[in-house]
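**Student:** Quick one, what's the 3D model for this:
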Amino acid sequence: MADQKPNTIEFDEKREHAIGWIATAWCDFQFEAEMDREARNTNRPLYRVLGRSPKGTPIEIGAIWERKSRETGNLYLSIQIRDTGVEGREFNGNIGRLPGSHTSNDDQILAIIESRPLAA
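**Tutor:** Sure thing, here's the model as predicted:
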């Protein structure tokens with residue numbers, strides 16, 4: 001993990017735990033994600049996202065959801081992080097392959113691509 005790059009997430013071999021790093025103009029933090037084994041086929045997120053408060057207290061800061069593409073039907077992961085201290089501040093993104101990765105072994109370290117909600 002020492003060489004982890006910003007806006008990536010690295011899963012363990014069983015995909016039960018992950019460590020990620022998000023860096024934007026307004027935030028720069030690392031987080032952990034723990035799989036909720038009971039979440040599949042429910043309305044709950046697949047992973048709980050845990051961060052730390054400014055004083056280092058562990059806190060739940062978001063979730064990773066398993067989604068299905070409307071166009072292809074393929075499953076993908078999306079992440080949402082909320083700053084409960086600032087109304088309206090949140091990070092939304094999709095999790096996908098890193099640029100240049102082409103093998104099935106490239107599933108452990110993935111990119112976090114920021115997305116913006118569509119305008120109404």
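
**Student:** Quickly note the distance from the most centrally placed residue in the chain to L46.
**Tutor:** When the chain is reduced to its mean C-alpha position, the closest residue under CA atoms, centre = their mean turns out to be I79, at 4.0 Å. Look at I79 and L46: by CB to CB, to the nearest Å, they are 10 Å apart. Where you see a C-beta, it was placed from the backbone N, CA and C, and this is true even at glycine.

**Student:** quick one: common contacting residues for these two?
**Tutor:** 64-65 (CB atoms under 8 Å, 6 or more residues apart in numbering).

**Student:** partners of the lengthiest strand in the chain, with directions?
**Tutor:** Identified as the longest strand of the chain according to DSSP state E is strand 58-68. According to DSSP bridges, strand 58-68 has the following sheet partners: strand 47-52 (antiparallel), strand 75-82 (antiparallel).

**Student:** Dump those strands into a markdown table; add mean pLDDT and distance to I113 as well.
**Tutor:** Putting the strands paired with strand 58-68 into a markdown table (pLDDT from 0 to 100; distance: least, CB to CB, whole Å) gives the following:
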| stretch | mean pLDDT | distance to I113 |
| --- | --- | --- |
| strand 47-52 | 95 | 16 |
| strand 75-82 | 92 | 10 |
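
**Student:** Tell me which of those lies nearest to L110.
**Tutor:** Nearest to L110 among the strands paired with strand 58-68 is strand 75-82 (7.9 Å), distances taken as CB to CB.

**Student:** for D12, what are its contacts?
**Tutor:** Contact partners of D12, counting by CB under 8 Å, 6+ apart, are 18, 108.

**Student:** rerun that using 10 Å as the cut-off
**Tutor:** Contacts for D12 (CB atoms under 10 Å, 6 or more residues apart in numbering) come out as 18-19, 35, 108.
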